[in-house]
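In: Task: produce atomic coordinates for the following.
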Amino acid sequence: MHVVHLACVCGRVELAQSLIQAAAGSNGEGGHHATDDAFSGPVYGVHVTGALRSSTVLRALAFAGALAVMAPAGAQREFRVYPSFEGDVAEAPLPPDYLVPGELVVGHMMFPDGRTGGQWRYGGTGWTDDYPKGDRALIEMLRRFTRTHVRAVEQPVNLEDGDDVHYWPLLMSGLAFSMDLSDEQAAKLREHLLRGGFLFCDSFFGAGNYAMFTESMKRVFPDRPIIDLTDDHPIFHTTFDLPEMTKVVIPNANEVFWGGRMGRGPPRWQGIEDEDGRLMVLIAYNNDVQDAWQWADDPRYPSELVNLALRLGVNIAMYAMTH
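Out: Okay, the predicted model is just below:
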């Protein structure tokens, strides 16, 4: 097993603010105003275009965001890869620079599977949905279309591993309805999110799955409501401008390739906020954003939806690191 550590700094909020001010003031009197830089190019064979805010400011903000989750002194868990229950279709080759640390690491949250139980600590259960291929498609997008130093591979994060979760501010959760957290795991996740972490919950459809998901999330935040997001929420505009996002359906590959039925209703983009209005949890209900990442290089999956899903992924990462 190879060991990979995220460059993690435990410092005061003033240090984060100084990074932002240094970037904002680097271009003369009155500070530097964020400008739009045009980007265009292929990601996993899909042409992606859009406008990106000033990369200098974004990079400083992203690093400052990493300071928000104050990780205590101690060893980080090593990088490792688990088998996905999806088998070969979710596998992805290790990039040649996978041992190189980064300022930003995409975390993939591990959790017990409420449907099947099983040895979830060894992979092969619900948390491995779209893993690791989907994560690595998003990482490639982030590396190409921002100047944030993103590690080439994801990090599986087990809430039972002491304080390790606090090293990984950005967490992804696929097949989120299957999450069956213990009270201890729920408390650890709650602490992480209140300290500045962020969780994206995705890949579940229908009223039954939604009820299972909300039951689990109530263990994390029994006193915080799940709210419906509106199209003007900053997460839909942080880097790429994504108008009318709350009306969008990003389908499961089973629907696209084989005409499967997911028992879906209308899309609902929801979230959970902290007391200051910072979004801690983004919920893509009746959507499968990470499937679009996973199948980004398959011509059967509509390129316009892959394009949209990848741009949303960039927005999620940048929002998480700057709020």
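
In: how far does the lengthiest helix in the chain sit from the chain's center?
Out: For the chain, the longest helix by residue count, based on DSSP state H, is helix 303-322. Helix 303-322 sits 9 Å away from the centroid of its parent chain (C-alpha atoms, centre = their mean, to the nearest Å).

In: Could you list the buried residues of it?
Out: Using 16 or more other C-beta atoms under 10 Å as the burial criterion, the residues of helix 303-322 that qualify are 305-322. For every residue, glycine as well, the C-beta is placed using N, CA and C.

In: F236 and T230, how far apart?
Out: Taken as C-beta to C-beta, to the nearest Å, the spacing of F236 relative to T230 amounts to 9 Å.

In: shared neighbours of the two, anything?
Out: Listed as contacting both F236 and T230 by C-beta atoms under 8 Å, 6 or more residues apart in numbering are T246.

In: Can you pick out the residue with more neighbours from these two?
Out: Here F236 and T230 are set side by side on neighbour count (other C-beta atoms under 10 Å), and the busier one is F236, at 23 against 10.

In: Got the confidence number for the more buried one?
Out: The predicted local confidence for F236 comes out at a pLDDT of 98.

In: quick one: contacts for it?
Out: Contacts for F236 (C-beta under 8 Å, 6+ apart) come out as 229, 242-243, 245-246, 312, 315.

In: May I ask which of the residues you listed has the most neighbours?
Out: With neighbours set by other C-beta under 10 Å, the maximum within the contacts of F236 is found at L312, which has 27 neighbours.

In: Surely that one touches W293?
Out: No - L312 is beyond contact range of W293, at 9.7 Å (criterion: C-beta atoms under 8 Å).

In: if we can go back for a sec, for the longest helix of the chain, name the packing helices and strands.
Out: The helices and strands touching helix 303-322, judged by 3 or more C-beta pairs under 8 Å, 6 or more residues apart in numbering; DSSP states H and E, are strand 46-53, helix 55-66, helix 133-145, strand 170-173, strand 198-204, helix 289-294.

In: Now do D231 against L170, distance only.
Out: For D231, the distance to L170 under the criterion C-beta to C-beta works out to 23 Å.

In: out of those two, which sits in the busier spot?
Out: With neighbours defined as other C-beta under 10 Å, D231 and L170 compare such that L170 has more, 26 against 14.

In: For A75, list the residues it contacts.
Out: Contacts were defined as C-beta under 8 Å, 6+ apart; by that measure A75 touches no other residue.

In: 4 is where my numbering starts, stick with that
Out: Shifting the count to begin at 4 puts that one at A78.

In: ok, now how distant is it from D164?
Out: A78 sits at a distance of 10 Å from D164 (criterion: C-beta to C-beta).

In: quick one, phi/psi of R124?
Out: Geometry field for R124 lists phi and psi as phi -70, psi -10, criterion degrees, to the nearest 10.

In: show me where the stretch 154-303 of the chain has helices.
Out: In the stretch 154-303 of the chain, the segments counted as helices under DSSP state H, counting those that start in this stretch are 186-197, 209-223, 256-261, 292-297.
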